[in-house]
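Participant: Below is the sequence, then the predicted model.
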Number of protein chains: 2
Amino acid sequence: MVTLAEVAQHAGVSASTVSYVLSGKRSISAGTRQRVEQSIQELGYHPNAGARALASSRSNIIALMVPLRTDMYVPVMMEIAIAVATTARTHGYDVLLLTGEEGPDAVRRVTGSGLADAMILMDVELDDERLPLLRDTDQPSVLIGLPADTSGLTCVDLDFRATGALCVEHLATLGHREIAVIGEAPAVYERHTGFAERTLDGLRSRARELELRVLHRPCEGGYDAMAATLARIFDERPGTSGFVVQNESAVEPLLALLRQQGRAVPEDVSVIAVCPEQVAMQASVRLTSVAIPAPEMGRRAVEQLVAKLDGRETEEVVLLAPELTVRASTGPLSGG
Amino acid sequence: MVTLAEVAQHAGVSASTVSYVLSGKRSISAGTRQRVEQSIQELGYHPNAGARALASSRSNIIALMVPLRTDMYVPVMMEIAIAVATTARTHGYDVLLLTGEEGPDAVRRVTGSGLADAMILMDVELDDERLPLLRDTDQPSVLIGLPADTSGLTCVDLDFRATGALCVEHLATLGHREIAVIGEAPAVYERHTGFAERTLDGLRSRARELELRVLHRPCEGGYDAMAATLARIFDERPGTSGFVVQNESAVEPLLALLRQQGRAVPEDVSVIAVCPEQVAMQASVRLTSVAIPAPEMGRRAVEQLVAKLDGRETEEVVLLAPELTVRASTGPLSGG
DNA sequence: ATAGGTTGTCGAAGCGCTTCGATACCCGCT
DNA sequence: AGCGGGTATCGAAGCGCTTCGACAACCTAT
């Protein structure tokens, strides 16, 4: 293993000079810099992470806490995680992967041990038990998702309220008056994950303004659950002609069932999904959708975090504007 | 920030004693141990990770390198990653998340800097450019997936060859004589990812023994690609009655298309998928499938790695036995 | 010429921990 | 009484790096 001292000796300078070449924190003459860089190359030197962390109290690591559960849309999580890792690298940080399993203890452990300089939390509940800890420590953190009280926190999320509103508006424009919302699994609502409720809020309040009727049904993923849910919906509101789906694993079952029941999409009923682009485009009907911009969310979270680590001021809440893409699953209400 | 020295002072012992209490590397009297532990509690002490790493040359971190691409089945990746993180924690390790983006450089960086004690690589290609580096260094590593040459490496994977054979056997038992294989996207084969080829191998050789005909078609995910592929298959082999699908994003399109063409599953055609349990159970037809045991793979990988780190001997290749679960998508060939 | 300011480099201290003798003590033997 | 052999604890060195203050060398501006 090559050390700083060996590089210094090889280049004929002192250790501190090498350190300053590496960090750029003091000016170094062109000649010296070059010799040092040359030595680093030749010896294949890599600074020792532990020593660096100890001396500088900076680990250059960002902790990312992902949920352990898989009842929510997994690819979104993965995309966010990958975007976080990628973006972090461009800022010189590595990413430590924590699962939600340890809960608040993980926050204590990481904060206390200096394992990471900062952390990003995913799948934040409205009244998350980790939040008090985050407010207490001076270790920077960013949430992906919105808790009930964002004071003293930095959050990044899609503007789900606007997302809900956008869906309603689109359906309203097409002439639909009765809308059904296929939501996430009941567990997601019970857990008080904010995004599902916020979407619903936005949906409902815009619907009220536009005088549409909204029926909301949480739904487990899969074919059977969807079949039962759909039956109940048409039973209760036979006039339903628009669907908003916020549950990836209900999309394909819904389409199959509608087809099976002889309801054509988009001639008879329109369907809008809130899902990643890929899902919308790979479905058996190209779906009109509001995209969940997972990579963007991961990227922004890291950027906020790096800004904080650099001592820059940041906004408290970053809400990404939803974008609706019209594809083949929505159309004007025929007949009336 | 609380340090070891402060704990020592509080407990009235020397720093080294506290260290030994923590590590258990020397015997400590019950009384002293108790006092120290008490002090640790009261002060809320957490050992500093950097200092520990520096002094012991052990970071207690395992690096996990996930592929950057998303052309393969993402939930499997995520499940593996989560299983790795969870299992690692039970052994006292944390997980550093690396993306494939940096390629071999990431291996050098991590190895050189002592950031991690060991690494796990996912999505290994048959002739992966990272392998020479791994063989060179004495840092332990485990691959999830099999390269062409496994000498000097430790690998964990599903026995895809046996998986292929198992699928053929099941279909043969049911009387099917012409089988079509819907494979991964062409890019996956071009990249020489081993698992796809191994499945095919197992499939073909068992088919030869049992005198079945096999037609293999790689397939991009999605509806359109599947439609084109399916048309070609029936064009070429009208008698095809059994399908093996190894491409999660082709499953639902395939089922939809068969339905649409008036081919009943499993009465007219049988379908077996190689996919995670959840996908098999949530599909519009409950799928007979060979499970991809993602969590098990992650767990085993970590266990192998920890064994190596502890200086224990390990097998070179761990192949998990495939398990076929019969559900509603396969049945005896009717008519003949 | 000299005071004052830059610029480039060095030496040393110290980050918080682990670990290796060394030491002190107690026990049971002879 | 004296000795070998545990057991429990301590002190000090050192892991590889960053960073601060010091200092020499040089450049202006008086």
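Facilitator: Received it, and whenever you're ready, just let me know what you need.

Participant: contacts, neighbours, all on C-alpha from now
Facilitator: Fine.

Participant: Residue numbers of chain A in contact with DNA strand D?
Facilitator: Applying the criterion C-alpha under 7 Å from any atom of the strand, the portion of chain A that neighbours DNA strand D consists of A:1-5, A:15-17, A:19-20, A:22-23, A:25, A:46-49, A:51-52, A:54-56.

Participant: contacts with chain B among those, please.
Facilitator: Of the entries in those, the ones placed beside chain B under the rule of C-alpha under 8 Å from any C-alpha of the partner chain are A:1, A:46-49, A:51-52, A:54.

Participant: ok, and of the residues you listed, which contact DNA strand C?
Facilitator: Of the entries in those, the ones placed beside DNA strand C under the rule of C-alpha under 7 Å from any atom of the strand are A:51, A:54.

Participant: quick one: the host helix or strand of A:Q34 near chain B?
Facilitator: Using DSSP states H and E, A:Q34 falls within helix A:30-43. No - applying C-alpha under 8 Å from any C-alpha, one finds that helix A:30-43 is not in contact with chain B, the shortest distance being 11.5 Å.

Participant: related to what we said a few turns ago, give me the subset of the residues of chain A next to DNA strand D that lies in helices.
Facilitator: In this view, the residues of chain A next to DNA strand D that belong to helices under DSSP state H are A:4-5, A:15-17, A:19-20, A:22-23, A:49, A:51-52, A:54-56.

Participant: Weed out the non-buried ones from those.
Facilitator: The neighbour-count criterion (16 or more other C-alpha atoms under 10 Å in any protein chain shown) marks A:4, A:15, A:17, A:19, A:49, A:51-52, A:54 among these as buried.

Participant: Using TSV, please lay out those residues together with pLDDT and distance to B:L143.
Facilitator: As requested, these are arranged in TSV below (pLDDT from 0 to 100; distance: C-alpha to C-alpha, whole Å):
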residue	pLDDT	distance to B:L143
A:L4	97	32
A:A15	97	38
A:T17	97	40
A:S19	98	35
A:A49	98	24
A:A51	98	29
A:R52	98	29
A:L54	98	31
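
Participant: what's the closest of those to A:L230?
Facilitator: A:A49 (55.6 Å; C-alpha to C-alpha).

Participant: measure that closest one to B:E209 for me?
Facilitator: Note on A:A49: its distance to B:E209, by C-alpha to C-alpha, to the nearest Å, is 56 Å.

Participant: just the helices in chain A please.
Facilitator: Going by DSSP H, chain A shows helices at A:4-11, A:15-23, A:30-43, A:49-56, A:74-90, A:104-113, A:131-136, A:160-173, A:186-190, A:194-210, A:223-236, A:248-260, A:277-282, A:294-309.

Participant: check contacts around A:C155.
Facilitator: Each residue near A:C155 by C-alpha atoms under 8 Å, 6 or more residues apart in numbering or on different chains is listed here: A:142-146, A:301, A:316-318.

Participant: Over to A:F243?
Facilitator: Contact partners of A:F243, counting by C-alpha under 8 Å, 6+ apart, are A:179-182, A:269-272.

Participant: The same query, at a cut-off of 6 Å, please.
Facilitator: Counting by C-alpha atoms under 6 Å, 6 or more residues apart in numbering or on different chains, A:F243 touches A:179-181, A:271.

Participant: Restricted to strands, list these.
Facilitator: When these are checked against strands using DSSP state E, the ones located there are A:179-181, A:271.

Participant: for these, which one is nearest chain B?
Facilitator: Closest approach between the ones in strands among the contacts of A:F243 and chain B, by C-alpha to the nearest C-alpha: A:V271, at 17.3 Å.

Participant: Identify the bridge partners of the closest one.
Facilitator: A:F243 (DSSP bridges).

Participant: Repeat that for A:R217.
Facilitator: On the basis of DSSP bridges, A:R217 is bridged to A:I182.

Participant: Now do it against DNA strand D, distance only.
Facilitator: If you measure A:R217 against DNA strand D using C-alpha to the nearest atom of the strand, to the nearest Å, the figure is 55 Å.

Participant: I'd assumed A:A185 was in contact with that residue.
Facilitator: No - taking contact to mean C-alpha atoms under 6 Å, the distance of 9.1 Å between A:R217 and A:A185 leaves them out of contact.

Participant: Mind checking which of the two has more residues around it?
Facilitator: Higher neighbour count among A:R217 and A:A185: A:A185, with 21 against 18, using other C-alpha atoms under 10 Å in any protein chain shown.

Participant: ok, now how distant is that one from A:G164?
Facilitator: A:A185 sits 17 Å away from A:G164 when distances are taken as C-alpha to C-alpha.

Participant: Establish whether stretch A:105-117 and chain B are in contact.
Facilitator: Yes - with C-alpha under 6 Å from any C-alpha of the partner chain as the threshold, stretch A:105-117 lies in contact with chain B, specifically through A:112-115.

Participant: Relative to A:T330, which of those is nearest.
Facilitator: Compare each of these with A:T330 using C-alpha to C-alpha and the shortest gap goes to A:L115, at 49.3 Å.

Participant: wait, what's in contact with the closest one?
Facilitator: Per C-alpha under 6 Å, 6+ apart, neighbours of A:L115: B:A49.

Participant: Look up phi and psi at it.
Facilitator: According to degrees, to the nearest 10, the main-chain angles of A:L115 amount to phi -60, psi -40.

Participant: Grab the nearest non-local neighbour of the residue in chain A that DNA strand D sits nearest to.
Facilitator: Of all residues in chain A, A:L4 sits closest to DNA strand D, with a separation of 3.0 Å (C-alpha to the nearest atom of the strand). Nearest residue to A:L4, sequence neighbours excluded (C-alpha to C-alpha, 6 or more residues apart in numbering or on different chains): A:A15, at 6.2 Å.

Participant: where does chain A have low pLDDT?
Facilitator: Applying pLDDT under 70 to the predicted model, the residue ranges of chain A that meet it are A:70-72, A:335-336.

Participant: what's the domain layout of it?
Facilitator: Listed by automatic domain parsing, the domain ranges of chain A are A:4-47, A:61-158+A:294-320, A:160-292.

Participant: contacting residues for A:T111?
Facilitator: Residues touching A:T111, when contacts are defined by C-alpha under 6 Å, 6+ apart, are absent altogether.
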